[in-house]
Each structure stands twice: as structure tokens, then as C-alpha cells.
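In: What follows is a predicted structure for the sequence shown.
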Amino acid sequence: MSKLQLEVVTPDTKVVSEAVDYVSCPGIEGEFGVLPQHVSMLSGLKIGALRYDNDGKHQYVFVSGGFADVNNGVMSVLAESAEIAQDIDTARAQAAKARAEQRLSERGEKVDVVRAEAALQRAVVRIQLAQLR
Ligand code: ATP
């Protein structure tokens, strides 16, 4: 059976490079699934969990921002940040969550609420994903 070549990269590193059976991806307009014969498409990414399946095994990957391009049997995910679930540092995510919650509770003039909410969302998703590994 044919496979889909999944490439997940960030500005710093290559996170995944693997031939897989299926990918579920957090698009800005909702989750979407990609099989090997998928038509060409381009989607923005939201903060969330990408899951890929290979030979009956699931792997979860945290992704934040960027976009996914599907073309000719290759899915390229270019994310602002990404980590496979096993590489998530839970203590770091908990500290980031506490910082973001503190900023949001202050709500002072100097607090960038949108930025703090995004940081909180990244931390919450990382903590959830770390529990799935
Ligand atoms: P922090 O405040 O802890 O840096 P953040 O959400 O602002 O969290 P990002 O901007 O998303 O961090 O990512 C910066 C870099 O740090 C990326 O390379 C990302 O993969 C890595 N990173 C961030 N948080 C974690 C974590 N909990 N575990 C592993 N890597 C992480």
C-alpha cells in the first residue's frame, strides 16, 4: 500500500521525516485528515496536536502556527514550533502555563493579552500531549 511522506520542520530543526499511513492535522478551519492519495491542499495551522498513524501505531506531535502543504504524496508541515510528544518537557510547559495565567490575572496595561493567551494555549496543549506518550 502506498504511504504519505510526512515532513514536519521548524525554523530550527527537522522534527519528523517518515512515510506514514494517515495524518490528522489541526488546521485553522478545523481538524483535517490526509491519506496518501490526498489532493493538493494548503492550510494554516493552529496550536494543537498533529497525529500520524503508521502500521497501526499512533504518534502525537505538538504544532504551533505555520502551515501544511499536501502535494503529490508529500505532506510538508512548516511550523513555528513543534515537538514529538516524547520530547515535551512537562515542567517547562507547567512553568509557561503558570506565567501566562499570572499575566492574564494581572491584565495590566503592559500585559499583551493575545500573546499571553497564545502562550497559555501552547502550554495547555503540551501538557495534554505529554500525557499521551
Ligand atoms: P516557553 O515560554 O517555555 O519558551 P513557548 O510556548 O513560548 O514556551 P515556543 O515559542 O512555542 O515556546 O517554542 C520555543 C522553542 O522551545 C521551540 O523550539 C519549542 O520546540 C521549544 N519548547 C517550548 N516549550 C517546550 C516544552 N515544554 N518541551 C519541549 N520543548 C519546548
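Out: Perfect, thanks for sending it.
In: Residue 106 - how many residues pack around it?
Out: 11 (other CB atoms under 10 Å). In short, each C-beta sits where N, CA and C put it, glycine included.
In: Measure how far stretch 55-72 is from the centre of its chain, please.
Out: For stretch 55-72, the separation from the chain centroid amounts to 7 Å (computed by CA atoms, centre = their mean, to the nearest Å).
In: Please spell out which residues along it are buried.
Out: Neighbour-count burial for stretch 55-72, with 16 or more other CB atoms under 10 Å as criterion, is recorded at 59, 60, 61, 62, 63, 64, 65, 66, 68, 70.
In: Please, which helix or strand holds residue 118?
Out: Remark: residue 118 resides in helix 113-130, with elements defined by DSSP states H and E.
In: For the ligand, see how far away residue 62 is.
Out: Separation of residue 62 from the ligand (CB to the nearest ligand atom, to the nearest Å): 8 Å.
In: about what we covered before: quick one: least confident of the buried residues of stretch 55-72?
Out: Model confidence across those bottoms out at residue 65, which has 92.
In: Next, that one: secondary structure please.
Out: Using DSSP: H, G, I helix; E, B strand; the rest coil, the three-state assignment for residue 65 comes out as strand.
In: which residues touch the residue nearest to residue 72 when sequence neighbours are not counted?
Out: Excluding its sequence neighbours, the residue lying closest to residue 72 (CB to CB, 6 or more residues apart in numbering) is residue 40, at 7.4 Å. By CB atoms under 8 Å, 6 or more residues apart in numbering, the contact list for residue 40 reads 70, 71, 72.
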